[in-house]
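# here you go, sequence then predicted model.
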Amino acid sequence: MKLPPEQTETACSKSDLTVAELARLNAENSVLRDENEALKRRVAWFEKQLFGEKSEKRPVDNPHQPSLLGEVQPMTEPEGEQVTITYQRGKAPKQRPDDCINDSGLRFNDQVPIKVISLSTPELEGPDADQFEVIGTKSTFRLAQRPSSYVVLQYDRPIIKRKGSEQPLPSPAP
């Protein structure tokens with residue numbers, strides 16, 4: 001804090017500052033000024049980062065790099081006319097109709113051929129075959145690709161049980 005000259009004389013005469021004290025105060029003053037300048041530079045840098053121009057926003061014109069679009073003419077808008085572009089948002093149309101699932105659960109029409117493959121279980125073949133009975137069939141579907149077409153493979157395997165028991169036996173999957 002600087003005092004006017006008339007107050008400085010009275011302050012100096014009253015307090016009788018020594019040369020050592022004045023040197024200390026001058027050194028402290030210069031340190032504080034340097035620190036203040038450093039803080040001002042730091043605040044200016046932060047303001048530039050926050051509010052300043054970004055490199056992503058400004059176009060870079062390199063005369064040695066050709067444009068990918070060739071010579072680009074700036075677009076001119078017709079005067080007096082305002083063009084309004086509106087977009088309608090909605091559901092995307094379904095790719096398939098709702099009734100495309102047939103009775104076997106496949107999403108194919110009648111043009112795709114179905115090849116039926118009947119599998120047998122080893123229990124029904126052999127000397128003990130009369131102890132087992134077939135109570136139903138289980139169908140498994142696989143899609144196979146032929147050159148330029150598809151075919152659905154339907155594997156039918158019998159569901160069997162031992163005569164006199166209620167529990168069905170597992171049959172091997174294809």
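Here it is on my side, so go on. Residues are numbered from 1 along each chain as shown.
# for this structure, name the helix or strand with the lowest mean pLDDT.
helix 5-15 (a mean of 55; mean pLDDT, DSSP states H and E).
# now the element after that one, going C-ward?
On the C-terminal side of helix 5-15, the nearest following helix or strand under DSSP states H and E is helix 19-51.
# what's the following helix or strand after that next one?
Next helix or strand after helix 19-51 toward the C-terminus (DSSP H and E): strand 114-118.
# and that following strand, what does it pack onto?
strand 149-162 (3 or more Cβ pairs under 8 Å, 6 or more residues apart in numbering; DSSP states H and E). For the C-beta atoms, the positions are set from N, CA and C on the backbone; glycine is no exception.
# give me the angle between the strand it packs on and strand 114-118.
30 degrees (axes from the mean of the first three to the mean of the last three Cα atoms, to 10 degrees).
# quick check: next helix or strand after strand 149-162?
According to DSSP H and E, the helix or strand after strand 149-162 is strand 168-169.
# which helices and strands does that next one pack with?
Taking 3+ Cβ pairs under 8 Å, 6+ apart as the contact cut, strand 168-169 packs with strand 149-162.
# can you give the strand pairings for the strand it packs on, parallel or anti for each?
strand 114-118 (parallel), strand 132-146 (antiparallel), strand 168-169 (antiparallel) (DSSP bridges).
# dump these to JSON lines, plus distance to Asn26, mean pLDDT and mean neighbour count.
Converted to JSON lines, the strands paired with strand 149-162 look like this (distance: least, Cβ to Cβ, whole Å; pLDDT from 0 to 100; neighbours: other Cβ atoms under 10 Å):
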{"stretch": "strand 114-118", "distance to Asn26": "102", "mean pLDDT": "87", "mean neighbour count": "11"}
{"stretch": "strand 132-146", "distance to Asn26": "92", "mean pLDDT": "84", "mean neighbour count": "11"}
{"stretch": "strand 168-169", "distance to Asn26": "104", "mean pLDDT": "80", "mean neighbour count": "14"}
